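J.: missing the sequence, but the structure's below:
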DNA sequence: CTTGGGTCCTGTGCGC
DNA sequence: TGCGCACAGGACCCAA
């Protein structure tokens, strides 16, 4: 479920616990997640200062000293749990949460010298961690083929139209293609296509150019609104159990099979169908 | 090059 | 109550 907005929410949540602080010890409880973890990752992380946290697509990039970056992907079920003393600006505590009992699937734990603890828990282990030299993003295998950030300046109507041109793949698949635009997942693609009034099965190359162009601000809006919702729920996470990753958000079509279409004046019903093995939710009365 | 399908993994929820 | 199965989901990888 973590798509761009959730990952951004997690990144922001990690900031006060990690940014500017030193990893006293990293606990690595298994050799691999989706792929093998870096050799000696625990040793390589210990004593390193976190200079800052960035996000690229659905990846969290934790910049360390010595020009090295730790990449974290939450996969499907990855969560970050923050506990202990969380230090804000001017070294004021912004939160103190008791360290929880270790849980099943706690794969990596960062013990910060500040007293904070960040636990990566991932039952399904579709998540990943890796390290690469800071600045080599354009060559690094997991990042080099990603399309532009949907909220960035490179992503505009002309770009999207050019990438869709001639494509026979369904527009839903095209939007899920991280090489075209990076950060969208199944949920937000369904929401975007609903708002755009486009049938998810329509071939990407057969959508009128002005409709393709109109998708860009919709994509930006859907993601921005979700980030905003995530940001407001961050406070709740800190107060509650410090778990970062999911937040309550209301969707217009996703997971609303059988419910009435919320579009003004539409009498349709949200349907669910499968496209390349994934559930699509849409109102086929107003999405064409 | 494009496109589609298989695959990894475990917890959850459903029908029988 | 228990069992089996479909499903959730990101993204790599390979075959056609």
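T.: Thanks, I have it. What you see is a predicted model, and the numbers here were worked out from it, not measured in a lab.
J.: and chain A, which residues reach DNA strand B?
T.: Residues of chain A that fall close to DNA strand B, judged by C-beta under 7 Å from any atom of the strand: A:34, A:76, A:104-105, A:123-126, A:166-170, A:173, A:205, A:276-277. Placement of C-beta: from N, CA and C, glycine included.
J.: which of the residues you listed fall in helices?
T.: Secondary structure defined by DSSP state H assigns residue A:173 of the residues of chain A next to DNA strand B to helices.
J.: just the buried residues of the residues of chain A next to DNA strand B.
T.: The neighbour-count criterion (16 or more other C-beta atoms under 10 Å) marks A:34, A:105, A:125, A:167, A:169-170, A:173, A:205 among the residues of chain A next to DNA strand B as buried.
J.: out of the residues you listed, who's nearest residue A:117?
T.: residue A:105 (16.0 Å; C-beta to C-beta).
J.: thinking again about what came up before, of the buried ones among the residues of chain A next to DNA strand B, closest to DNA strand C?
T.: residue A:34 (6.2 Å; C-beta to the nearest atom of the strand).
J.: now that closest one, nearest residue through space, not along the chain?
T.: Counting by C-beta to C-beta, 6 or more residues apart in numbering, residue A:34 lies nearest to residue A:128, which is 4.6 Å off, once chain neighbours are set aside.
J.: up against DNA strand C, what does the stretch 1-150 of chain A have?
T.: So far as C-beta under 7 Å from any atom of the strand goes, the stretch 1-150 of chain A lies against DNA strand C at A:1-3, A:34, A:57-59, A:73, A:75-77, A:124, A:126, A:142, A:145.
J.: buried residues in the host helix or strand of residue A:16?
T.: Element membership for residue A:16 (DSSP states H and E) is helix A:4-18. Under the neighbour-count criterion of 16+ other C-beta under 10 Å, helix A:4-18 has A:4-14, A:16-18 buried.
J.: how about residue A:24, secondary structure?
T.: Following DSSP: H, G, I helix; E, B strand; the rest coil, residue A:24 is assigned to strand.
J.: most neighbours among the residues of the stretch 1-150 of chain A next to DNA strand C, which one is it?
T.: When neighbours are counted by other C-beta atoms under 10 Å, residue A:2 leads those with 24 neighbours.
J.: go ahead and confirm that one touches residue A:58.
T.: Yes - taking contacts as C-beta atoms under 8 Å, residue A:2 lies within contact range of residue A:58: 6.4 Å.
J.: what residues do these two have in common as contacts?
T.: Common contact partners of residue A:2 and residue A:58 (C-beta atoms under 8 Å, 6 or more residues apart in numbering): A:74, A:185.
J.: and the longest strand seen in chain A with helix A:4-18, angle?
T.: The longest strand of chain A (DSSP state E) is strand A:78-87. Using axes from the mean of the first three to the mean of the last three C-alpha atoms, to 10 degrees, the inter-axis angle of strand A:78-87 relative to helix A:4-18 is 30 degrees.
J.: what kind of secondary structure is the residue nearest to residue A:74 when sequence neighbours are not counted in?
T.: Leaving aside its sequence neighbours, residue A:74 sits nearest to residue A:2 (C-beta to C-beta, 6+ apart; 4.3 Å). Following three-state DSSP, the label given to residue A:2 is coil.
J.: repeat for residue A:195
T.: Assigned by three-state DSSP, the conformation of residue A:195 is helix.
J.: residues contacting it?
T.: Contacts of residue A:195 were listed using C-beta under 8 Å, 6+ apart, and they are A:218, A:221-222, A:252.
J.: what about it, distance to DNA strand C?
T.: Taking C-beta to the nearest atom of the strand, to the nearest Å as the measure, residue A:195 falls 18 Å from DNA strand C.
J.: tell me the pLDDT of that residue.
T.: What the model reports as pLDDT for residue A:195 is 94.
J.: and if you look at the one 5 residues further on?
T.: According to the prediction, residue A:200 has pLDDT 92.
J.: does it really touch residue A:193, like I thought?
T.: Yes - counting by C-beta under 8 Å, residue A:200 does reach residue A:193; the two are 5.0 Å apart.
J.: more crowded one of these two?
T.: Of the pair residue A:200 and residue A:193, residue A:193 is the one with more neighbours under other C-beta under 10 Å, namely 26 against 22.
J.: contacts only, for the more buried one.
T.: Shown in contact with residue A:193 (C-beta under 8 Å, 6+ apart): A:171-172, A:175, A:199-200, A:282, A:287.
J.: what's the neighbour count on residue A:283?
T.: Residues lying near residue A:283 (other C-beta under 10 Å) number 24.
J.: noted, bye for now.
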